[in-house]
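Peer 1: Any chance you could fold what I've pasted below:
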Amino acid sequence: MSHTIIKKIMLIFLLLIGGVSNTIIAQSISLDVKNIEQIKKSATGNIEPTAFVGESFILQAIVRDIGQQAQDLSIAGINSFSVASTMRSSNITLINGQQSIEHTYKYTLIPHNEGIFTLGPATIKNKRGQDFSSDTLSIQVIKRPAGYQSPNRKGNQDQSIELFCELKPSKKRVVVGEPVEVIASIYTRGPILKTELASPTFTNFLHKEVMQAKTRQETRDNKVYDVIEKKIVLTPLQAGEMKIDPLMVQCVVRAQRHKARDFFDHTFFDDFFPARAEQRTAMSNDITISVDPLPAHKGKVNGVGEFTTLNATLNKTEAQANEALLFQLIVEGKGNFDQVTAPTLNLPRGFKHYESKNSVQEDWSQDFILGKKTFEYVIQIPTAGNWEIPAQTFTFFDTASGSYRNLQSKPLAISVMPLTQTKPHKAKIKELIDQDDQEKEITAEKKNRPLEKEIHFIQEDGGINKKAAPSLPWWLFIILLFLPTILLSKSMLPFLRKWYYRIFRVSAKKQLDEFDQRIDIMIKKDSVQGLYQLLLSFLATKFDVPASFITHDWVMQKLEDDEIPGEKIQEFMDYLNECAGLHFVTQTKNLAELRSLLKRGKYWIIFLGK
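Peer 2: Prediction:
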């Protein structure tokens, strides 16, 4: 037997051994925690893994050689913490012909309550239907003891870094539609490079943020903290005990280098190369706000807040009959201006009016201060005479006094003159008559023209505009000839179907059609209950985002990105705000107004669902 044959046999044997060895790798899932302390428990004397309230730690799950998963990893008990971030990585190794695949899941968790918590088991199922589970971990959560220094962290400068956040509402009891200010105070201490509040989401609240944050210093436990105050204004949409979940704060700190081990690792080089930056997170406390329903009221309620004045203006004091006049109602004060509804106009009989537009003016740069909302109407007065537009009434729930109040505008006087018709000048009349005579002469001449001349005239004109038909290149003719056969082939149909669904989002269109059916049901029942939530769900489906992403400012920006005309965007935002205000004006709307709201909702779902 030749040496070449022997080498081939040995090579095949080694490959078979390697293939067999690949099938006997251990399959497992393990859980571990990092960035926590090992503290002795006073009751038992045992050393327990310990995390501190409001301070993050890392939960790590390592999945070894499970294979391709049919579903993602799930970990029992993880919902007891806030998940600040998640990260997944994979590593493939090949040692002595033995292949190993390792998937690492890292979760940054933040605890909010003290107690003993169990994490795990972590479970996963592969495509063969096999279940794999890990062991469980027990971790205790306590408040950081005063003056406690972590032995696990190196460097005195790192010890001085502190970050925490406190939420404090201006009121703990409000009514539906009453804006409440919530101050997020971010306390920092130490060499922190950058601090920011993660984008908050609030369920059952509309929210706006004051752009300018305030800064100050405060001493606590003989330590001086830099404090950043961020103000958020929340408007509750329904009654009940409303919990505001903790807000997450993120900061970037400078990670210190270790002490020099040799000449090339000397701290001298720190002056030339920037230190590595690390991100840290902290969670605020949660708060609960009691939201009461508005007291019963027979008439129409236009808003909730502390409104001060109602002014009426007219662009003219003298006009002709049926002339279009601009009439404005301006309400000023402090309240839920986006949801404020227009007062019912009080006009003399025979006056015609058309709603034009409305606008809100508020300055959110420094603080939640006074603002105003303007309602515009076009008015026509058909009869001449001296008229008076009566005082208009704006009804609102005054949050300062806890009662309903009315604001009234001053009456406006206007003089209306009869509509006059001026006669045209004699020269102008003669010019019009001459023009008419010339047109009649031209028409008569065309009627008397012989048919042959008329045909000759058409042929001459046709010859002037005649162009040679462009010839089709031979290569394009070949492509067009075989293109249908190529596109309809079995190999191309799946590819075309895939891109058809991707481009035209047929599945998303079906989902949007479901909202059309749902609002049809609401129209049949004459019920606006849940209309606002339906619109938010529709927008979340349209833009393919979670419902928690939806805010009014975000919607306006997305509609602008879709190149929808500005006047249509403003019209839709006005409607959306009106629906948001249904929670405090539903009881005062008549059936015709409710049906109008529902029909407009169907219009917008069709318009935006295209």
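
Peer 1: for Phe607, what are its contacts?
Peer 2: Phe607 makes contact with Lys568, according to C-beta atoms under 8 Å, 6 or more residues apart in numbering. Just so you know, the C-beta spots here come from the backbone N, C-alpha and C atoms, and that holds for glycine as well.

Peer 1: wait, is it part of a helix?
Peer 2: Yes. Counting by DSSP: H, G, I helix; E, B strand; the rest coil, Phe607 is found in a helix.

Peer 1: Per-residue pLDDT of the residue nearest the centre of the chain, please?
Peer 2: Nearest residue to the geometric centre of the chain (C-alpha atoms, centre = their mean): Ile550, 2.9 Å. Ile550 is assigned 77 on the pLDDT scale.

Peer 1: Distance check, it against Ser100.
Peer 2: Using C-beta to C-beta, to the nearest Å, Ile550 is found at 44 Å from Ser100.

Peer 1: what's the answer for Leu597, then?
Peer 2: Taken as C-beta to C-beta, the span from Leu597 to Ser100 is 62 Å.

Peer 1: More neighbours: the two, which one.
Peer 2: Under the criterion of other C-beta atoms under 10 Å, the comparison of Leu597 against Ser100 puts Leu597 first, with 18 against 14.

Peer 1: Leaving out chain neighbours, which residue sits closest to that one?
Peer 2: Nearest residue to Leu597, sequence neighbours excluded (C-beta to C-beta, 6 or more residues apart in numbering): Val528, at 5.7 Å.

Peer 1: Enumerate every residue touching that neighbour.
Peer 2: Val528 makes contact with 522, 579, 582, 586, 594, 597-598 under the criterion C-beta under 8 Å, 6+ apart.

Peer 1: isn't there a helix covering it?
Peer 2: No. Assessed with three-state DSSP, Val528 is coil; it does not lie in a helix.

Peer 1: related to what we said a few turns ago, look at the nearest residue to the residue nearest to the centre of the chain once chain neighbours are set aside and tell me its secondary structure.
Peer 2: Closest residue to Ile550 apart from its sequence neighbours, by C-beta to C-beta, 6+ apart: Leu536 at 5.0 Å. In three-state terms, and counting by three-state DSSP, Leu536 is helix.

Peer 1: isn't Leu536 right up against Pro546?
Peer 2: No. Leu536 is not in contact with Pro546 according to C-beta atoms under 8 Å; the separation is 10.8 Å.

Peer 1: sec struct for Lys602, please.
Peer 2: Under three-state DSSP, Lys602 falls in the helix class.

Peer 1: quick one: the strands in the stretch 1-150 of the chain?
Peer 2: Applying DSSP state E, counting those that start in this stretch to the stretch 1-150 of the chain gives strands spanning 28-34, 37-40, 47-52, 57-64, 74-75, 82-95, 98-110, 115-119, 122-125, 131-133, 137-142.

Peer 1: To Thr309, which of those strands lies closest?
Peer 2: Nearest of the strands of the stretch 1-150 of the chain to Thr309, taken as C-beta to C-beta: strand 82-95 at 44.8 Å.

Peer 1: List the buried residues for that closest one?
Peer 2: Neighbour-count burial for strand 82-95 flags 82, 84 (criterion: 16 or more other C-beta atoms under 10 Å).

Peer 1: before we move on, the earlier item: tell me the spacing between the residue nearest to Leu597 and Leu481.
Peer 2: 59 Å.

Peer 1: same thing with Asp32?
Peer 2: 65 Å.

Peer 1: which one of those two has more residues nearby?
Peer 2: Comparing Asp32 with Leu481 by other C-beta under 10 Å, the one with more neighbours is Asp32, at 12 against 9.

Peer 1: Name the residues linked to that one by a beta bridge.
Peer 2: Per DSSP bridges, the residues bridged to Asp32 are Gln60.

Peer 1: ok, it - contacts?
Peer 2: Contact analysis of Asp32 by C-beta under 8 Å, 6+ apart lists 59-62, 137.

Peer 1: Among the residues you listed, name the buried ones.
Peer 2: The neighbour-count test (16+ other C-beta under 10 Å) marks 59, 61-62, 137 as buried among these.

Peer 1: and which of those residues is nearest Trp364?
Peer 2: Using C-beta to C-beta, the buried ones among the contacts of Asp32 come closest to Trp364 at Leu59, 38.7 Å.

Peer 1: pLDDT-wise, which helix or strand of the protein ranks last?
Peer 2: In the chain, no helix or strand scores lower on mean pLDDT, DSSP states H and E than helix 451-465, which sits at a mean of 38.

Peer 1: Can you show me the helices along this protein?
Peer 2: 3-22, 156-159, 426-448, 451-465, 474-487, 492-504, 506-525, 531-543, 552-561, 566-580, 582-585, 591-608 (DSSP state H).

Peer 1: Pop out the phi and psi values for Val176.
Peer 2: Dihedral angles of Val176 (phi, psi; degrees, to the nearest 10) stand at phi -60, psi 130.

Peer 1: And the furthest pair within the buried ones among the contacts of Asp32?
Peer 2: Longest span within the buried ones among the contacts of Asp32, C-beta to C-beta: Ile62 and Leu137, 13.0 Å.

Peer 1: Flag the shaky bits of the stretch 251-400 of the chain, pLDDT-wise.
Peer 2: 255-277 (pLDDT under 70).

Peer 1: just the stretch 401-550 of the chain next, same as before
Peer 2: Looking at the stretch 401-550 of the chain by pLDDT under 70, you get 420-472, 474, 477, 482-510, 548-549.
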